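> Got a predicted structure plus its sequence, pasted below:
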Amino acid sequence: MTRQEKADRIGQVLDQKFPMPDIPLAHVDPYTLLIAVVLSAQCTDERVNKTTPALFAKASDPAAMVELPVPAIREIIKPCGLSPAKSKNIHALSKQLLERHGGHVPKSFEELEALPGVGHKTASVVMAHAFGVPAFPVDTHIHRLAARWGLSSGRNVEQTERDLKALFPEAEWIKRHLQIIYFGRSYCPARSHDFAKCPICSWAASRARATREKRRAAGARKRS
């Protein structure tokens, strides 16, 4: 089976399992989505969604956010982790939105990635889900699954993004990235994964990769 044939079949499975995926981060506009994505770094979406209501009750737009002292932002977002850096970035990017973009979230990758604390993945999520621009955000989970399924070499997230964009039609990019995230959570965990029972790994993952991951997991259990 070629890599393209594999991608096509994986797409069919994803459409069956998650036909209408929606972004798991609660938001009401581009700004609240941007803040939620910044908070989601090394944090679960569930935890972010439990934290943002308190933050947005005090500041749901850039003007209100810059009025909050950084320590106040930090105290609210502590449950999301990395609060010292995230609070400074949220305050700084909000100030930059006011000074350079009239208080609006810009609609270009270049301008988004110039904001404090906003990398390519965060910009991709905002471009896709706030503005509907085709993008394929690749986080560590998608990176892991693309390698596990043989869709990418897995050298780095940049290469994985290029590989996935080449395998799936542009019109499917936004949907596919969400489907892979949901599939990973429901069927394809990083640890203690039963490759034989997985709707995709059972035929897409190579025997060598399955063996390698099992050995790695066994080694991790011994070290712990």
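The structure has been received and is ready for your questions.
> What segments of the chain are helices?
Here the chain has its helices, by DSSP state H, at 3-17, 30-39, 45-58, 62-67, 70-77, 83-101, 109-113, 120-131, 140-148, 157-167, 173-187, 201-204, 207-223.
> Which pLDDT value goes with the residue lying closest to residue 136 once chain neighbours are set aside?
Leaving aside its chain neighbours, residue 136 sits nearest to residue 173 (4.3 Å; criterion: C-beta to C-beta, 6 or more residues apart in numbering). The C-beta positions use only the backbone N, C-alpha and C, and glycine is treated the same way. Predicted confidence (pLDDT) for residue 173: 97.
> Also residue 215?
With respect to pLDDT, residue 215 scores 65.
> Quick check: residue 121 touching residue 135?
No: applying C-beta atoms under 8 Å as the test, residue 121 and residue 135 come out as separate, 9.5 Å apart.
> centroid residue for this protein?
Per C-alpha atoms, centre = their mean, the C-alpha nearest to the average position across the chain is that of residue 139, at 4.7 Å.
> tell me the contacts of that one?
Contacts for residue 139 (C-beta atoms under 8 Å, 6 or more residues apart in numbering) come out as 121, 157, 181.
> Scan those residues and report the most crowded one.
residue 121 (22 neighbours; other C-beta atoms under 10 Å).
> if you compare the helices of the chain, which one is most tucked away?
helix 30-39 (a mean of 24; mean count of other C-beta atoms under 10 Å).
> If you average the pLDDT over that one, what comes out?
The pLDDT scores in helix 30-39 average 98.
> sorry, back to before: so which of the helices of the chain gets nearest residue 24?
helix 45-58 (4.2 Å; C-beta to C-beta).
> I'd guessed residue 74 sits against residue 85; true?
No: if you go by C-beta under 8 Å, residue 74 and residue 85 don't touch, sitting 9.5 Å apart.
> Poorly predicted segments of the protein, please.
208-224 (pLDDT under 70).
> picking up where we left off before, let me have the contacts of residue 139 in JSON lines, extended by distance to residue 165.
Shown next, in JSON lines, are these (distance: C-beta to C-beta, whole Å):
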{"residue": "121", "distance to residue 165": "14"}
{"residue": "157", "distance to residue 165": "12"}
{"residue": "181", "distance to residue 165": "16"}
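> just these now: which is nearest residue 7?
So of the contacts of residue 139, ranked by how close each gets to residue 7 (C-beta to C-beta), first place is residue 181, at 16.6 Å.
> For residue 73, see how far away the closest residue in space to the closest one that isn't next to it in sequence is.
Leaving aside its sequence neighbours, residue 181 sits nearest to residue 141 (C-beta to C-beta, 6+ apart; 6.1 Å). Per C-beta to C-beta, to the nearest Å, residue 141 is found 27 Å from residue 73.
> same deal with residue 26?
As judged by C-beta to C-beta, residue 26 and residue 73 stand 18 Å apart.
> Kindly report the same for residue 28.
Distance, residue 28 to residue 73, by C-beta to C-beta: 19 Å.
> same question, residue 116
13 Å.
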